[in-house]
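> Here is the input, now give the coordinates:
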Amino acid sequence: MGAVRRTAGAVRLALGDRRAVAVVGLATVAYLLTYLYAIDKLTPGNGEFGLVVAAQPWEAFFRQGFGTFTYEPVALVRLGVVTYQFSLNTLIGLAIAILVGVNVGLSYFVWRQPASCGVGSRSAGLFAGVPALLSGAACCGPIVALIFGIQVTSGLLVVFEWLLPISALLLVGTLLLVGRQVDPVAASQ
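Next up, the predicted model:
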């Protein structure tokens, strides 16, 4: 429990830094938009504007689509240049994006204040963000494989279905790993 408490304190310190908050925000928004685009819920628009909502949105919200952790859209929003389909996937993507954003923001905070980790150089703090980026990208593995045309066997498809929860666990683990090493006294100076 000490690692969780220490990580929570480190995240609070990072969120007290304006630049780190900006990094968290940018990383969160960029990851969410990329995630929604990768799962085909955010697509280029055709110039039309409008909103279409499912007949029974609450029921459709939890209806599973094709594959594990994919859900049917409950609203279609056309904003001219972009078309967005709101579904439970947006909330899942937002949760992952927040984890990615906080990981990147905390890594940025540590990089800017390497003494807070007891590290003498800035490059060590920069390398602390590498696990966050790698674990955050894990949930998009199937999409990347399809984009590049890699032939995937049915056994690997089963593994791909679990990359989303695995990436969430890796992001939490990475956050705890980086956060527990932050010295609050050194960081607040």
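
> I'd like to check which residues are in contact with the most centrally placed residue in the chain.
What sits nearest the mean C-alpha location of the chain, by Cα atoms, centre = their mean, is residue 97, with 2.4 Å. By Cβ atoms under 8 Å, 6 or more residues apart in numbering, residue 97 lies in contact with 27-29, 31-32, 35. Quick note: C-beta positions are derived from backbone N, CA and C, even for glycine.

> dump the residue contacts of the nearest residue to residue 82 once chain neighbours are set aside.
For residue 82, ignoring the flanking residues on the chain, the nearest one in space by Cβ to Cβ, 6 or more residues apart in numbering is residue 45 at 4.8 Å. By Cβ under 8 Å, 6+ apart, the contact set of residue 45 is 78-83.

> what pLDDT does residue 45 get?
Note for residue 45: predicted pLDDT of 91.

> for residue 104, same thing?
So, for residue 104, pLDDT stands at 89.

> Pull up the gap between it and residue 113, please.
For residue 104, the distance to residue 113 (Cβ to Cβ, to the nearest Å) stands at 15 Å.

> will you turn the contacts of residue 45 into CSV that also has neighbour count, secondary structure and distance to residue 172?
Output for these, formatted as CSV (neighbours: other Cβ atoms under 10 Å; DSSP: H, G, I helix; E, B strand; the rest coil; distance: Cβ to Cβ, whole Å):
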residue, neighbour count, secondary structure, distance to residue 172
78, 16, strand, 36
79, 12, strand, 33
80, 11, coil, 38
81, 9, coil, 35
82, 14, strand, 31
83, 17, strand, 32
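
> Thanks a lot, catch you later.
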